[in-house]
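>>> predicted model follows, preceded by the sequence.
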Amino acid sequence: MFETISGVGIYILPFLILLTILVFVHEMGHYSVARWFGVTVETFSIGFGRAIYSWKDKSGTQWKIGWLPLGGYVKFLGDEDPSSVRKSEEKIILADGESLFQDQPLYARAAVVAAGPAANFLFAIAILAIVFATVGQSFTPPVVDDVIPDTAASRAGLQSGDKIIRIDGQSIERFEELQIIIATSPGISLEVLVEREGSTLPMTIIPGSRTFTDRFENVQERGFLGVSRGGRAHVKHGPVAAVWYATRETYRLSVLTLKNVWRMIVGTRPADELRGIIGIAQMSGQAAQMGFESILGLTVIISIGLGLINLFPIPVLDGGHLVFYAYEAVFRKPLGEKAQEFGFRIGLVLVITLMLFALWNDLVRLDVFEHLNRVFS
């Protein structure tokens, strides 16, 4: 019993706190831009289901905390549900100062929908900027100090003193950026541009792989290049530079995340790397044990991931709404109601399927089925 309660405190509680913060940021993005355009917001909910606490502000918005803290939503006046589908009534009588989301011009509706993911990206940038300005950023020149024999680096022809300036289409300013790309690309062919003695040299490198076990007994496979770097530097940036490098880092992490998702789709990376709610909860608990800096790092990664996922062109998600608005912009009329309804149903099935698949990966990774087999065999 004590171990169970301890597990809840170590893993579940940090996860719920982190998720609540990120969901609030996302929904506040929708809410803020909607209010800026004068849209009447009926409900701002963190969590789903029956409210365990709620209140109503002067503008008439009901703020609530649902008993199931696994998401949230903003519901506008006239919506059938939180997905912003208009109610079937032909006419809605508005009080003074009230305005429907569906009556807004196309650009306003698109801005409101895009504001949620945008808020997650801005939140990640803000965290990184604060860290870079106060704690500092690990900033080591991407220069090879030594090459380990019989590794991917030696086979590709890398030499001591080489400066890696581009890899897999991304410019490299720090050795740490190189490490992240290599670590997530075991066995994948990468195009590398190297600066050597004043001239540039293109190379193709296929990182090797090695397996290691972290302090929490998680076995992970990482890409391995086989080079060492010089002395590590830690640089504190001024406010402007901190925002610039934070924006750059957020962009790089977003691109890398999308590339890894695509690699899983085409099969060049194992799909069992996809994490679900249990996996994220486990990472949250581990980050909490490792310290505040690890928590901030995980918050940045999940915030970026939440922003990207919501931009996927799947109906039900924000990206699906933006696709519908793009259709409306091109053809000068909204997509038919039946087509939208069909799209939302397909989107819901895709999202649920993805969640179940990620949950399956979590259960397999935690050896749940092996333990069940021992119990019932």
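Ah, there it is.

>>> by mean pLDDT, point me to the weakest helix or strand of this structure.
One helix or strand of the chain scores below all others by mean pLDDT, DSSP states H and E: helix 2-7, with a mean of 43.

>>> alpha carbons of the helix or strand following that helix, as PDB, please.
Next helix or strand after helix 2-7 toward the C-terminus (DSSP states H and E): helix 13-36. Extracted as PDB, the C-alpha positions of helix 13-36 are listed here (Å, rounded to 0.1, in the frame of the first residue of the first chain):
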ATOM      1  CA  LEU A  13       1.100  14.100  -9.200                       C
ATOM      2  CA  PRO A  14       4.000  15.700 -11.100                       C
ATOM      3  CA  PHE A  15       2.400  14.600 -14.400                       C
ATOM      4  CA  LEU A  16      -1.000  16.100 -13.500                       C
ATOM      5  CA  ILE A  17       0.600  19.300 -12.400                       C
ATOM      6  CA  LEU A  18       2.600  19.500 -15.600                       C
ATOM      7  CA  LEU A  19      -0.400  18.600 -17.800                       C
ATOM      8  CA  THR A  20      -2.700  21.100 -16.100                       C
ATOM      9  CA  ILE A  21      -0.200  23.900 -16.700                       C
ATOM     10  CA  LEU A  22       0.300  23.100 -20.300                       C
ATOM     11  CA  VAL A  23      -3.500  22.600 -21.000                       C
ATOM     12  CA  PHE A  24      -4.200  25.900 -19.300                       C
ATOM     13  CA  VAL A  25      -1.600  27.700 -21.500                       C
ATOM     14  CA  HIS A  26      -3.100  26.100 -24.600                       C
ATOM     15  CA  GLU A  27      -6.700  26.900 -23.800                       C
ATOM     16  CA  MET A  28      -5.700  30.400 -22.600                       C
ATOM     17  CA  GLY A  29      -4.300  31.000 -26.100                       C
ATOM     18  CA  HIS A  30      -7.700  30.200 -27.600                       C
ATOM     19  CA  TYR A  31      -9.600  32.200 -24.900                       C
ATOM     20  CA  SER A  32      -7.400  35.400 -25.100                       C
ATOM     21  CA  VAL A  33      -7.600  35.700 -28.900                       C
ATOM     22  CA  ALA A  34     -11.300  34.900 -28.900                       C
ATOM     23  CA  ARG A  35     -12.000  37.600 -26.400                       C
ATOM     24  CA  TRP A  36      -9.800  40.000 -28.300                       C
END
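
>>> could I get the contacting residues of the residue nearest the centre of the chain?
The geometric centre of the chain, computed from its C-alpha atoms, lies nearest to residue 305 (C-alpha atoms, centre = their mean), at 0.7 Å. With contact set as C-beta atoms under 8 Å, 6 or more residues apart in numbering, residue 305 has these partners: residue 257. Glycine gets a C-beta too; all of them are placed from N, C-alpha and C.

>>> so what pLDDT did it get?
In the predicted model, residue 305 carries a pLDDT score of 88.

>>> tilt between the helix or strand harbouring it and helix 13-36?
When elements are defined using DSSP H and E, residue 305 is found to belong to helix 292-311. Angle between the axes of helix 292-311 and helix 13-36 is 50 degrees (criterion: axes from the mean of the first three to the mean of the last three C-alpha atoms, to 10 degrees).

>>> only the buried residues of helix 292-311, if you could.
295-311 (16 or more other C-beta atoms under 10 Å).
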